[in-house]
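> Structure for this input, please:
(chains A, B and C)
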Amino acid sequence: MKLYFHAMRLHLKSLLEYKASFVFGLFSQVFVFFSYYFIILALFNKFDNIKGFTLYEVLLTFAIIQFGFSVNEIFARGIDQFDDLIVDGSFDRLLIRPQPIILQVLCTQIAWIRISRTVQAIIVLVIALVNLDIAWSIEKVLVLILMLLSSIAIFFGIFLLMASYCFVTVKGLEVRNVFTDGGKHMAQYPIGIFRKGFIFIFTYIIPYAFVNYYPILYFLGKSDNKFYMLSPIIVLLYLIIPFYAFKRGVKKYASTGS
Amino acid sequence: MSFIEVKNISKTFKVAKRGSGLKNGIKSFFKRDYIAIDAASDISFEMDKGEIVGYIGPNGAGKSTTIKILSGILVPDSGTVKVNGLVPWVDRKEYVSNIGVVFGQRSQLWWDIPAIDTFDLLKDMYKIDEKAYEKTKNELISLLKIEDVVKVPVRQLSLGQRMRCEIAASLLHKPKILFLDEPTIGLDAVSKKIVRDFIKKINKEENTTIILTTHDMSDIEALAKRIILIGKGKILYDGTLQKLKNRYGNNKKVVITTQNRLSNINKKGIISHKKNEIGYEFIVDVNILTINEFLKYLGTKIEIEDVDIDNVGIDDVIIKTYEEYDL
Amino acid sequence: MKAIRSIFRLNFLNDLQYRSQALAGIATQFFFGFVFIMVYVAFYESGNTDKVPMPLTQLVSYLWLNQAFFSLIYIWTKEKDLISMIKNGNVAYELVRPINFYFKWYATMIAKRVSRVLLRFFPVLLIAYFLPKPFNLMLPSNLETFLIFLLSLVLSTFLVVAISMVLHMITFFTLNEKGVLEIFMSVSEILAGGTIPLVMFPTFLYKIAYVLPFRYTCDLPFRIYTGNISISNATPDIIGSFIWIIVVTLIGYLLTRKALKKAVIQGG
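Okay, the predicted model is just below:
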């Protein structure tokens, strides 16, 4: 952990070497992020609900998923761009260091510049919470925390799974956008608004629905199902698969060298 | 038992074969033919603690495969490796604390910040104790003459300065074994000398075992008594540099400046001759024909204006050896 | 002209080479289109659509067209060669060539965009057409509409490239293609109608977008296709496109001249 904090400091220092582009970068991230929720705002200007969900309910869903994604964009960027490590051969370097490999991959890149996205996600979250009429209780606080955690977990898991795929080949990685950006885009809305097939895929194959759909039904008082409250935990269990896949990938790397 | 024991390691890679053209492109999309390449076949050697070995061979001979196996990055198909009682790829984390690796063509330093910051990070990476770290760091910095260099962002350094920082970074945890992969490639003369002197010094004082791969034979001449020559995945020669040289006779290169033309040279001991701009260039085996006798012989045939005598370089020896093994 | 043809040919063949990437690109584009549309369908199915200025069928077609022609009309497609030439100063050498610098790159960008879109637009449109209601792409109501759509798409391509040239030349003065340009990119995409058609904007933003040139690149051609802008209303907009093309091209041209002068003085 000490190592990771040290790496965080150095990445910040590297970034500050280019002060002007750092400031512009932070600023431009605000606009990029704005374009994400612009559609939601614009559409609610013309419609008053989407399948029974109001503006602030959708913004809450949006904020939770964007929060997890942006946290990963900052801290798990090394895993997101793992193909670079494989292609330029620097992965070898990680193998000759006495630290866990995933930790070292995380240390390779920390994109502080994207912190403005996380901040905006939190702002949207607060705005949504203030405008929603929520009967707060310990369970509600718990489910909110679980949702935020599982949102981080699901993107971390997908990134790691894609990184494991890089051990096989680095070709055709464009498809990962479907799972990350595409999934993210879907899950900014309550997944229940979509057609059944999609709901199935994004519940059981890639469990976005357990991050911010079922728990939000409980959170908003649309359902009393206690299982919904705890469903983000399922996402954490899903993490076993990418971790295992990555471990297998490292083993394969050691036997083929590519 | 030796410090490093490599026994019968073999490693084969599969490489997809692909013809050119659309037809072959489509074919290989469905079914791939593979060629097996033996990057290491039945390689065995031992090394003692504190030895320096030059590991040489042409590109693609399997040098880096062996280095990767020895540093725990690759697992061989068969054979065993024991270093200081550890198997590199089995006890990875424990083992790698004992080794340092310098890849001449790749950097481990952070580009935008001073090298000293990377050093500090490596302290945490290897969990080096604070006091020992400060001491080692200062020693390395003064030996490699990088006192000021380490405080400048790496992107502003020259190649030689950067390489010296790389070497320091690889030695902060005081490894018992150091792998140097082309450490002097592209360096200026001053940096080259500093690096070589430094390698000699740590070898002598810290008793660090060093495996050096390089294409620069003057590195080998300056540093390694023993060389291992590898080609097509096999060890072709393992022994002292001097012995390899002797294998091709005790040859000297003699350059003669003359205006005359030379015809029918036929004397035992003159191995070859060729014309150049100023005269002729001879290779003479001085065990058979001394320089004195050679010059006398030549004096009877042409008028010698000037003479230049040189040892046959190791480069020539290596090229000859490669030719002999058809590499 | 011959040079342009060979640039086009080369890019087209190159794209063919990377057909698996192109396929992945089409698949991704298709998936995204589908997700967007599902969101809108859900909105429209949620009841009161009185306030909505665009019927669902038109909106769905608009989105498919946007996905299909994305690589033609996306404003900020980086021209790597040009950027690196600008950054390392080699741009000065371009002056000795017998071909006009500005129009050479203008034509190159058009050739690249056209070759890229040729491989991509048709599959997306074809599949979209055969999708079940309400996800399907509709045909334009008559031939006239279709022809005017084509005209406006061609104009849009010219305008986009003219804007892109201005942006590339700006990097000449800032020496950095990130920062300001990234901001510009995300704002201009919204204002062009790249996320949703302008009619769906809140009023104040709609007014802003209407006086800027970006809407001619995306919003205009696709709304003409869907019939959301009638043929009679389209005429002034087509004239507007022409005017903007001339204005922006002129700006780009002058900017290029200035930039090249600077490059010569600096000695590259």
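> Give me the neighbour count for residue 13.
With no chain named, the answer covers chain A. Using other Cβ atoms under 10 Å in any protein chain shown, A:K13 has 15 other residues around it. Yep, even glycine has a C-beta here, placed from its N, CA and C like the rest.
> oops, chain C please
C:L13 sits with 10 neighbouring residues when counted by other Cβ under 10 Å.
> Give me the distance between it and B:I69.
42 Å (Cβ to Cβ, to the nearest Å).
> now B:K225: how far from chain C?
Distance, B:K225 to chain C, by Cβ to the nearest Cβ, to the nearest Å: 47 Å.
> again with A:K251
Counting by Cβ to the nearest Cβ - A:K251 and chain C are separated by 27 Å.
> For the stretch 1-150 of chain C, what lies in contact range of chain A?
Contact residues (Cβ under 8 Å from any Cβ of the partner chain) of the stretch 1-150 of chain C with chain A: C:20-21, C:24-25, C:27-28, C:31-32, C:35-36, C:38-40, C:42-49, C:51-53.
> one more time with 7 Å
By Cβ under 7 Å from any Cβ of the partner chain, the residues of the stretch 1-150 of chain C that approach chain A are C:20-21, C:24-25, C:28, C:31-32, C:35, C:38-39, C:42-43, C:46, C:48, C:51-52.
> Could you give me the buried positions within stretch B:39-46?
Residues B:A39, B:A40, B:S41, B:I43, B:F45 are the ones in stretch B:39-46 that count as buried (16 or more other Cβ atoms under 10 Å in any protein chain shown).
> element containing the second one?
In this structure, B:A40 is located in strand B:33-47 according to DSSP states H and E.
> Just give me the neighbour total for A:A20.
What A:A20 shows, counting by other Cβ under 10 Å, is a neighbour count of 10.
> counting contacts, what elements does the particular helix or strand that has it in it pack onto?
With elements taken from DSSP H and E, the one containing A:A20 is helix A:19-46. Secondary-structure packing of helix A:19-46 (3 or more Cβ pairs under 7 Å, 6 or more residues apart in numbering or on different chains; DSSP states H and E): helix A:55-75, helix A:115-131, helix C:180-192.
> Are the first one and chain C in contact anywhere?
Same thing as helix A:55-75. No. Helix A:55-75 stays clear of chain C (Cβ under 7 Å from any Cβ), getting no nearer than 9.9 Å.
> Pull up the pairing partners for the strand holding B:A40, direction included.
With DSSP bridges as the test, strand B:33-47 is paired with strand B:4-17 (antiparallel).
> Okay, buried residues for the strand it pairs with please.
Across strand B:4-17, burial judged by 16+ other Cβ under 10 Å covers B:I4, B:E5, B:V6, B:I9, B:K11, B:F13.
> thinking again about what came up before, state the mean pLDDT of the helix holding A:A20.
Average pLDDT, helix A:19-46: 84.
> chain center to the helix or strand hosting C:F43, what's the gap?
Following DSSP H and E, one finds C:F43 within helix C:19-44. Remark: helix C:19-44 is offset 18 Å from the chain centroid, using Cα atoms, centre = their mean, to the nearest Å.
> and what of stretch B:263-271?
On Cα atoms, centre = their mean, the centre of stretch B:263-271 falls 36 Å from the chain's centre.
> Distance across that stretch, terminal residue to terminal residue?
Chord length of stretch B:263-271, first to last residue, is 15 Å (Cα to Cα, to the nearest Å).
> and the helix holding C:F43 with helix A:55-75, angle?
160 degrees (axes from the mean of the first three to the mean of the last three Cα atoms, to 10 degrees).
> ok, helix C:19-44 near chain B or not?
No. If you take Cβ under 7 Å from any Cβ as the test, helix C:19-44 misses chain B, and the best it gets is 8.7 Å.
> show me where the stretch 151-300 of chain B has strands.
Here the stretch 151-300 of chain B has its strands, by DSSP state E, counting those that start in this stretch, at B:177-181, B:209-213, B:226-231, B:234-240, B:251-257, B:270-275, B:279-285.
> partners of the third one in the sheet?
For strand B:226-231, the paired strands and their directions (DSSP bridges) are strand B:52-56 (parallel), strand B:234-240 (antiparallel).
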